[in-house]
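S.K.: any chance you could fold what I've pasted below:
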Amino acid sequence: MAVAFDALGDPTRRRILELLRERGSMSAGELASGFSVSRPAVSQHLAVLRDAHLVRVRPDGTRRLYSLDPSGLTALRAWVEGFWAVVLADFADEVGRRTPPRSTALAPATPSRRSAPARTTATMTRKART
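M.R.: I've put the predicted structure just below:
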């Protein structure tokens, strides 16, 4: 796992991964056209990403096409999600400590501002006369 994180530590390599995610398979030359570094430098970055199992390569005639390697990305994701599970469990514990227990007894009803006005005996008598 350390190899993958070391590979991701370089902004050029992260950008290569983003390009492959956005555009799919690309040759080293196509990738190099988007950078200010030389084609051999991009090829070296691709070798590091390949060694980290983040990129795979397949021949296509005289070219070599690079694409994301799902197996390396899946392992990286599983490692990060292991931390996420711990964070969620800690959050649930904290919420449990801060939330007071709910009472099962019914609370007395409080009149709301929108409820109809209470009718008094005088009000009902006046209405009966009209």
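
S.K.: list the buried ones in stretch 35-49?
M.R.: By neighbour count on 16 or more other C-beta atoms under 10 Å, the buried set for stretch 35-49 is 42, 45-46, 48-49. Using the backbone N, CA and C atoms, a C-beta is placed for each residue, glycine as well.

S.K.: ditto for stretch 74-91
M.R.: Result for stretch 74-91 [16+ other C-beta under 10 Å]: buried residues L76.

S.K.: reformat the buried residues of stretch 35-49 as TSV; add pLDDT and distance to R97.
M.R.: Listed next are the buried residues of stretch 35-49 as TSV, based on pLDDT from 0 to 100; distance: C-beta to C-beta, whole Å:
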residue	pLDDT	distance to R97
V42	96	52
H45	97	47
L46	97	49
V48	97	45
L49	97	44
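
S.K.: could you pull out the strands for the protein?
M.R.: Taking DSSP state E as the criterion, the chain carries its strands at 26-27, 55-60, 63-68.

S.K.: take those strands and write them to JSON lines, including mean pLDDT.
M.R.: Shown next, in JSON lines, are the strands of the chain (pLDDT from 0 to 100):
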{"stretch": "strand 26-27", "mean pLDDT": "96"}
{"stretch": "strand 55-60", "mean pLDDT": "96"}
{"stretch": "strand 63-68", "mean pLDDT": "96"}
